[in-house]
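Peer 1: For reference, the sequence and a predicted model appear below.
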Amino acid sequence: MFINPLLEPYRLLDLTGLGTIRGAVAAVLLYEFGMYVMASQYAPQ
């Protein structure tokens, strides 16, 4: 996979060792967690 050398210093997590399938699962879980946090922040009280 191609990684842009200009964006390399801004990488938050180095997940290159996970592979394709585990990386995709980790990406979906991180996305879902982010959506959960965002929805809980903007939920009506």
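Peer 2: The structure has been received and is ready for your questions.
Peer 1: List of residues touching stretch 26-43?
Peer 2: Outside of stretch 26-43, the residues within contact range by CB atoms under 8 Å, 6 or more residues apart in numbering are 15, 18. Where you see a C-beta, it was placed from the backbone N, CA and C, and this is true even at glycine.
Peer 1: how far does it sit from the chain's center?
Peer 2: 10 Å (CA atoms, centre = their mean, to the nearest Å).
Peer 1: mind listing what's buried in it?
Peer 2: Using 16 or more other CB atoms under 10 Å as the test for burial, stretch 26-43 gives no buried residues.
Peer 1: Need the mean per-residue confidence for it.
Peer 2: Mean per-residue pLDDT for stretch 26-43: 93.
Peer 1: cool, and stretch 8-21?
Peer 2: 85.
Peer 1: Can you show me the CA trace of it as PDB?
Peer 2: Output in PDB follows, covering the C-alpha atoms of stretch 8-21 (Å, rounded to 0.1, in the frame of the first residue of the first chain):
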ATOM      1  CA  GLU A   8       3.800  10.200   7.600                       C
ATOM      2  CA  PRO A   9       4.700  12.500  10.500                       C
ATOM      3  CA  TYR A  10       1.000  13.000  11.300                       C
ATOM      4  CA  ARG A  11       0.100   9.300  11.600                       C
ATOM      5  CA  LEU A  12      -1.600   8.700  15.000                       C
ATOM      6  CA  LEU A  13      -1.300   4.900  15.100                       C
ATOM      7  CA  ASP A  14       1.000   2.600  13.200                       C
ATOM      8  CA  LEU A  15      -1.400  -0.300  12.300                       C
ATOM      9  CA  THR A  16       0.600  -1.500   9.300                       C
ATOM     10  CA  GLY A  17       1.400  -4.800  11.000                       C
ATOM     11  CA  LEU A  18      -2.300  -5.800  11.200                       C
ATOM     12  CA  GLY A  19      -2.700  -6.700   7.600                       C
ATOM     13  CA  THR A  20      -5.700  -6.100   5.400                       C
ATOM     14  CA  ILE A  21      -8.500  -7.900   7.100                       C
END
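Peer 1: Nice, that's everything, thank you.
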